[in-house]
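Undergrad: next input, structure requested:
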Amino acid sequence: MKEYTSSHYSHTPVFAEEIKQFFEKYTHKYIFDCTLGEGGHSEFFLESFLTNIFLVGIERDPVIFQKARKRLERFREKVELINGSFSRLDVYFSRLHRPDPVTCILFDIGISSFHVDESGRGFSFRKSEPLDMRFDPSDGISAYEVVNGFTKEDLADIIYEYGEERNSRRIADLIVRSRKSGKIETSLDLAEIVLKAFPRRRYNRIHPATRVFQALRIYVNNELEEFKLALEKSVEILGSGGRIIVISYHSLEDRIVKRFFKSLSPENYTILTKKPLRPSLEEIKENKRSRSAKIRVLERN
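TA: Okay, here's the model as predicted:
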């Protein structure tokens, strides 16, 4: 496995100041950062609250986990870092045997800057990388296996369901026809195939491959089902007065959060964001990837 020794980190934490305000009321802060990534949010919180804080960071990707561990090693006595899936949130909580109530659970859902910029696993349609797209390269099937092995019907269903792409059947047909002359090996190969389904005059600023890559990534990582399960586990471990904070970046994720929060009893839970918070123009200018972000917050009564 590749060892990271540089101090360079791709991830700029989104909504850091806003989330900090949701934390400030707690005298003792027991935080679960369920999407640790490179440790951007966790580092910000640990630096902001120097005392009475214990943070548990969960990260599925073993390579990015190494980066976060190195970044946060100076906070050793205040953190517990776990390389695993956040859908096992309740298992990790029970193993810690801490008497304090969990005050905050954070989810920053979606792909990280590391995966696009550094992982080399084909997350970006602008690079020629092996088609993999798994957060954990040792787990499950890769995007390469899906693209080169699934039927046209199954491919179309995946692209439509997880990418909300109306041209899913045309794209699936082109993929199947293209692979007859040879395997689709790289992310750039796939992007060029998708592009053929869209005459240039018929698509806007969003690259046609955006939704297709999103769909494949969500499918191979089982992202939505993992997220639904993690949300269910989060309310089980949350202490009285504790808060669940979710940052999402597209409608599929946000819809899950909205429905889940509304499904809970108003006697036991209060939705603190009647409408999701959006990033400021200043934050969008500094971090373009924040432009589609939404934040929703739930409090246990």
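Undergrad: and stretch 82-101, what's buried?
TA: Neighbour counts over stretch 82-101 (16 or more other C-beta atoms under 10 Å) mark 82-83, 85-89, 92-93 as buried. Heads up, the C-betas are built off the backbone N, CA and C, glycines and all.
Undergrad: sorry, slip of the keys, the one I care about is stretch 166-173.
TA: For stretch 166-173, a neighbour-count test (16+ other C-beta under 10 Å) marks 167-172 as buried.
Undergrad: can you redo these as CSV with pLDDT, distance to Ala293 and secondary structure?
TA: CSV is the format used below for the buried residues of stretch 166-173 (pLDDT from 0 to 100; distance: C-beta to C-beta, whole Å; DSSP: H, G, I helix; E, B strand; the rest coil):
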residue, pLDDT, distance to Ala293, secondary structure
Asn167, 93, 26, coil
Ser168, 96, 26, helix
Arg169, 96, 31, helix
Arg170, 96, 31, helix
Ile171, 97, 27, helix
Ala172, 97, 30, helix
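Undergrad: returning to that earlier point: just the ones of the buried residues of stretch 82-101 in strands?
TA: 82-83 (DSSP state E).
Undergrad: which of the buried residues of stretch 82-101 lies closest to Gly57?
TA: Closest approach to Gly57 among the buried residues of stretch 82-101 (C-beta to C-beta): Ile82, at 6.9 Å.
Undergrad: ok, that closest one to Asp157 distance?
TA: Relative to Asp157, Ile82 is positioned 33 Å away (C-beta to C-beta, to the nearest Å).
Undergrad: how about stretch 228-239, which residues are buried there?
TA: 229-231, 233-235, 237-238.
Undergrad: any idea which of the residues you listed is closest to Pro266?
TA: Checking the buried residues of stretch 228-239 one by one against Pro266 (C-beta to C-beta), the nearest turns out to be Val235, at 13.5 Å.
Undergrad: and that closest one, what is it in contact with?
TA: Counting by C-beta atoms under 8 Å, 6 or more residues apart in numbering, Val235 touches 244, 264, 269, 300.
Undergrad: what is the neighbour count of the third one?
TA: Yep, that's Tyr269 we're talking about. 18 (other C-beta atoms under 10 Å).
Undergrad: beta partners of it?
TA: Arg300 (DSSP bridges).
Undergrad: where do the helices sit along the protein?
TA: 16-23, 40-48, 62-71, 89-96, 113-117, 143-149, 152-163, 168-178, 187-195, 209-220, 223-237, 251-263, 281-286 (DSSP state H).
Undergrad: what's the most buried one of those?
TA: The highest mean neighbour count among the helices of the chain, using mean count of other C-beta atoms under 10 Å, belongs to helix 209-220: a mean of 24.
Undergrad: packing partners for that one?
TA: helix 143-149, helix 152-163, helix 187-195 (3 or more C-beta pairs under 8 Å, 6 or more residues apart in numbering; DSSP states H and E).
Undergrad: let's see 6 Å
TA: The helices and strands touching helix 209-220, judged by 3 or more C-beta pairs under 6 Å, 6 or more residues apart in numbering; DSSP states H and E, are helix 152-163, helix 187-195.
Undergrad: could I get the average pLDDT for the shortest one?
TA: What it means is helix 187-195. Across helix 187-195, the average pLDDT comes to 95.
Undergrad: between that helix and helix 168-178, how big is the angle?
TA: Orientation check (axes from the mean of the first three to the mean of the last three C-alpha atoms, to 10 degrees): helix 187-195 against helix 168-178 gives 120 degrees.
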